[in-house]
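S.K.: Next one to model:
(4 chains)
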Number of protein chains: 2
Amino acid sequence: MSIASLAKALNLSISTVSRALNNYDDVAPETRRRVLAKAKALNYRPNAAARQLVSGSTRAVAVTLPAVETGEEFIDWMYSGLLAGVSAALDGSGYYLLATSAGGRGIDREMALYRNLIEANSADALLIVRTLVDDPRVKLAQEAGIPFVTYGRTQTDLPYSWIDTDNEGAFALAAHRQLGFGHRRIALLNGPSAYYFAQLRRRGYDKALTAAGVALDPALVVEGNLSIQSGYSLTMELLNQKSPPTAFLCAVDNMAFGAIAACRQRGLVVGRDVSIMGYSNSPMASFCDPTLTTIEHKVFENGRHVGEGLLRLLGGEAPGQLGYLEPVHLVPRASDGPLVTS
Amino acid sequence: MSIASLAKALNLSISTVSRALNNYDDVAPETRRRVLAKAKALNYRPNAAARQLVSGSTRAVAVTLPAVETGEEFIDWMYSGLLAGVSAALDGSGYYLLATSAGGRGIDREMALYRNLIEANSADALLIVRTLVDDPRVKLAQEAGIPFVTYGRTQTDLPYSWIDTDNEGAFALAAHRQLGFGHRRIALLNGPSAYYFAQLRRRGYDKALTAAGVALDPALVVEGNLSIQSGYSLTMELLNQKSPPTAFLCAVDNMAFGAIAACRQRGLVVGRDVSIMGYSNSPMASFCDPTLTTIEHKVFENGRHVGEGLLRLLGGEAPGQLGYLEPVHLVPRASDGPLVTS
DNA sequence: TTGAAAGCGCTAACAC
DNA sequence: GTGTTAGCGCTTTCAA
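M.R.: The predicted structure is shown next:
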């Protein structure tokens, strides 16, 4: 069913049909009615490729997903929620989300995917998630002149549109809470420092400790790949130190679950002998034992904001107009508490 | 950079360039060399829309994701792994995965998405996941004549290509294990019965119990939405029965985590007072307390098989040639054990 | 071995 | 208010 056959069935020219279909106002109301009715009856749907070729627009927002952890997951829980939000915001706009996975093969693979997408004209805009401190994807998009929104900030001189959560504030808050409980040896189980969010978290943590007059101990800041397993291993190593930490701030809930498992195995009662905090407030956090004190990270809502930003850009807004720091808040539960002094 | 400007730069005709680029054999070797070199130098990339328009093929495999649980997740852990596998199999084939979310708005929304995709010619093949007993998506794809692979089986008279895990075998195995432990009141926390996988699991469960001479008690078979929360609520309700179950077979690990939380809250020691089993062997299963006895479900590998099936179909294989039941196997851990008789 | 030309389905000038 | 026409960038006959 092409527009040509539709036109023939209506005894109209192709252009009149096209105009009626695309809501131009120089079409007789009666004609428009007839066209719309016939299109529905004949189940006409414009060919995406043809429209794309002539308009230059694909109506697609492309995102490649890092899956840094294992290479065996398309995306993880957080991105799952984020994309649901983006998808929800895009819904009804005529734009859709084109998701491809870099399959854990790193930033080079991601760059290749984006480059293809851009050069083959397969997307109108890009979504860049989990930004690096110095992110080549951002540079690529800027050079190509394709609209993009980042989830997470990066270092660049040019204006760009971003949404981020208050990573620095979140970890200052977390550290502050543990300091208030009397903890002085507070570990930070961070993500890889190549990611900007990890640097920001570290900064928040550093600031809170420094403000409280607690000396920074580099041995207490470790990096892992955000998996349960890494949380477990890192905690085990930290507990082996001569003077182990009494509090553990984890970059994601998953790492906290690993930390809990490690402490349990060591015979430590989490929430009493040691304090553990997560970040994200994933569904499991309220069902594990002990329930996990964490920082609520509204991924779905964040995604919705990202989607709205994308739409603004696509609507012609200049990059750099958008820069929104999502607030985070504490969800106190049972996995942390006052330092017990023996 | 269009093929026209490439041709001009080479002083060749468009068609010769096209042939050289597409590996036709009626091109002089020297000409091909020149074209390829120039294309690389000029960073030429064929326009996807144009190629699509003329060839009729988009090189896209579309999948819409149900996110039935909450509507707030693009996909869940299982699909995350499955798609990673599909994506891996497709990698290098020239086909890519186009994922859109139905945003938890049910099968009607999914049907609308697929219908659009088909009618606008936006995909060469479809991937249909989490099949219903009587699945309208399968009928739609069959009527449209578009190649598709289902992950999960369905009821249809026509041949189709599917990959499924051995749901029936898995739950027969699980029930058999609990029967062996002496349990007689074994609950099944199933998924919604509209899904074929839920029916198959029920069948496996029924068969195992019947074979052991244990009467089926409908009160022990309940349905939930596969979330942690639903596992928790259903278990609470089951424990409130006059004669509560001593073993709980859960449709997914998440439900099992909810079940563990519920039992803990009731003061029951999981693995001693009650037996709990999950399904999927998610990362958390080996880190929770007690560690979860579950059924390994190799989602990534399954996804790879699905992707390979898709490629076979796209390569011209007739539907119905593919029908593969993935084996599953038990991962015994600490959450289940012999019935304690007081 | 290469080039000219038609046409995929659509939009948007431009004429009437 | 409607029709004619020229492309968008590519593949693929058909001639040369």
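
S.K.: Going by secondary structure, whichever residue of the stretch 51-200 of chain A sits closest to DNA strand D is in what exactly?
M.R.: Closest approach between the stretch 51-200 of chain A and DNA strand D, counting by Cβ to the nearest atom of the strand: A:Val54, at 3.4 Å. For glycine as for every other residue, the C-beta is placed from the backbone atoms N, C-alpha and C. In the assignment (DSSP states H and E), A:Val54 maps to helix A:48-55.

S.K.: Same check on A:Ser275?
M.R.: Going by DSSP H and E, A:Ser275 is in strand A:275-277.

S.K.: swap in A:Gln321?
M.R.: Here A:Gln321 is assigned to no helix or strand, by DSSP H and E.

S.K.: leaving aside the residues next to it on the chain, what's closest to it?
M.R.: A:Ser161 (6.7 Å; Cβ to Cβ, 6 or more residues apart in numbering or on different chains).

S.K.: And the strands in the stretch 151-300 of chain A, which stretches?
M.R.: A:161-165, A:186-190, A:221-223, A:247-250, A:275-277, A:294-296 (DSSP state E, counting those that start in this stretch).

S.K.: export the ones you listed to TSV and tack on mean neighbour count?
M.R.: Formatted as TSV, the strands of the stretch 151-300 of chain A follow (neighbours: other Cβ atoms under 10 Å in any protein chain shown):
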stretch	mean neighbour count
strand A:161-165	23
strand A:186-190	27
strand A:221-223	18
strand A:247-250	30
strand A:275-277	29
strand A:294-296	22
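
S.K.: Let me know which of these is the nearest to B:Leu188.
M.R.: Across these, B:Leu188 has its closest neighbour in strand A:294-296 (32.2 Å, Cβ to Cβ).

S.K.: The closest one near chain B at all?
M.R.: No: using Cβ under 8 Å from any Cβ of the partner chain, strand A:294-296 never reaches chain B; the gap is at least 13.5 Å.

S.K.: Let me see the mean pLDDT of stretch A:234-246.
M.R.: The average of the pLDDT scores along stretch A:234-246 is 98.

S.K.: and it, does that touch chain B?
M.R.: No: against chain B, stretch A:234-246 shows no contacts by Cβ under 8 Å from any Cβ, the least distance being 11.2 Å.

S.K.: what's the weakest-modelled helix or strand in chain A?
M.R.: strand A:96-101 (a mean of 86; mean pLDDT, DSSP states H and E).

S.K.: now whichever helix or strand comes after that strand against strand B:96-101, angle please.
M.R.: Next in sequence after strand A:96-101, counting helices and strands by DSSP H and E, comes helix A:106-119. Interaxial angle of helix A:106-119 relative to strand B:96-101 (axes from the mean of the first three to the mean of the last three Cα atoms, to 10 degrees): 90 degrees.

S.K.: what sits up against the helix or strand just after helix A:106-119?
M.R.: Downstream of helix A:106-119, the first helix or strand assigned by DSSP H and E is strand A:125-129. With contact meaning Cβ atoms under 8 Å, 6 or more residues apart in numbering or on different chains, strand A:125-129 is reached by A:61-63, A:65-66, A:79, A:82, A:86, A:95, A:97, A:114, A:117-118, A:135, A:137-138, A:141, A:146-152, A:306, A:310, A:313-314.

S.K.: I'd like to know how many residues surround A:Arg115.
M.R.: 15 (other Cβ atoms under 10 Å in any protein chain shown).

S.K.: for A:Ala37, same thing?
M.R.: Around A:Ala37 there are 11 residues (other Cβ under 10 Å).

S.K.: list the buried ones in stretch A:309-320?
M.R.: By neighbour count on 16 or more other Cβ atoms under 10 Å in any protein chain shown, the buried set for stretch A:309-320 is A:309-314, A:319.

S.K.: Redo those as JSON lines? Include secondary structure, distance to B:Val331 and pLDDT.
M.R.: Formatted as JSON lines, the buried residues of stretch A:309-320 follow (DSSP: H, G, I helix; E, B strand; the rest coil; distance: Cβ to Cβ, whole Å; pLDDT from 0 to 100):
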{"residue": "A:Gly309", "secondary structure": "helix", "distance to B:Val331": "43", "pLDDT": "97"}
{"residue": "A:Leu310", "secondary structure": "helix", "distance to B:Val331": "42", "pLDDT": "97"}
{"residue": "A:Leu311", "secondary structure": "helix", "distance to B:Val331": "45", "pLDDT": "96"}
{"residue": "A:Arg312", "secondary structure": "helix", "distance to B:Val331": "48", "pLDDT": "96"}
{"residue": "A:Leu313", "secondary structure": "helix", "distance to B:Val331": "47", "pLDDT": "95"}
{"residue": "A:Leu314", "secondary structure": "helix", "distance to B:Val331": "47", "pLDDT": "94"}
{"residue": "A:Pro319", "secondary structure": "coil", "distance to B:Val331": "49", "pLDDT": "92"}
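
S.K.: Make TSV out of those residues and add distance to DNA strand D.
M.R.: Shown next, in TSV, are the buried residues of stretch A:309-320 (distance: Cβ to the nearest atom of the strand, whole Å):
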residue	distance to DNA strand D
A:Gly309	28
A:Leu310	24
A:Leu311	25
A:Arg312	26
A:Leu313	22
A:Leu314	20
A:Pro319	24
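
S.K.: May I see the residues you listed organised as a markdown table, with distance to B:Leu200 added?
M.R.: Converted to a markdown table, the buried residues of stretch A:309-320 look like this (distance: Cβ to Cβ, whole Å):
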| residue | distance to B:Leu200 |
| --- | --- |
| A:Gly309 | 44 |
| A:Leu310 | 41 |
| A:Leu311 | 42 |
| A:Arg312 | 47 |
| A:Leu313 | 46 |
| A:Leu314 | 44 |
| A:Pro319 | 51 |
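
S.K.: Just flag the most distant two among these.
M.R.: Farthest pair in the buried residues of stretch A:309-320, by Cβ to Cβ: A:Leu311 and A:Pro319, 13.7 Å.

S.K.: Could you point out the helix or strand that follows the helix or strand hosting A:Ser5?
M.R.: A:Ser5 belongs to helix A:3-10 when assigned by DSSP H and E. Moving toward the C-terminus from helix A:3-10, the next helix or strand (DSSP H and E) is helix A:14-21.

S.K.: The helix or strand just after that next one close to DNA strand C?
M.R.: Following helix A:14-21 in sequence order, the next helix or strand is helix A:29-41 (DSSP H and E). No: contact of helix A:29-41 with DNA strand C (Cβ under 7 Å from any atom of the strand) is absent, the minimum separation being 9.9 Å.

S.K.: Remind me which helix or strand A:Thr64 belongs to.
M.R.: Going by DSSP H and E, A:Thr64 is part of strand A:60-65.

S.K.: Now do stretch A:102-118: everything it contacts.
M.R.: A:62, A:64-73, A:98, A:100, A:122-123, A:126, A:132, A:136-137, A:140-141, A:144, A:146, B:45, B:84, B:87-88, B:91.

S.K.: ok, 7 Å please
M.R.: A:62, A:64-68, A:70-71, A:100, A:123, A:126, A:136-137, A:140, A:144, A:146, B:45, B:84, B:87-88, B:91 (Cβ atoms under 7 Å, 6 or more residues apart in numbering or on different chains).

S.K.: just stretch A:189-209 next, same as before
M.R.: Contacts of stretch A:189-209 (Cβ under 7 Å, 6+ apart): A:130-133, A:152-154, A:167-172, A:175-176, A:179, A:186, A:188, A:216, A:221-224, A:226, A:231, A:234, A:248-251, A:255, A:259.

S.K.: coming back round to it: pLDDT on the strand holding A:Thr64, on average?
M.R.: 90.

S.K.: Quick one: list the elements packing against it.
M.R.: strand A:96-101, helix A:106-119, strand A:125-129 (3 or more Cβ pairs under 7 Å, 6 or more residues apart in numbering or on different chains; DSSP states H and E).
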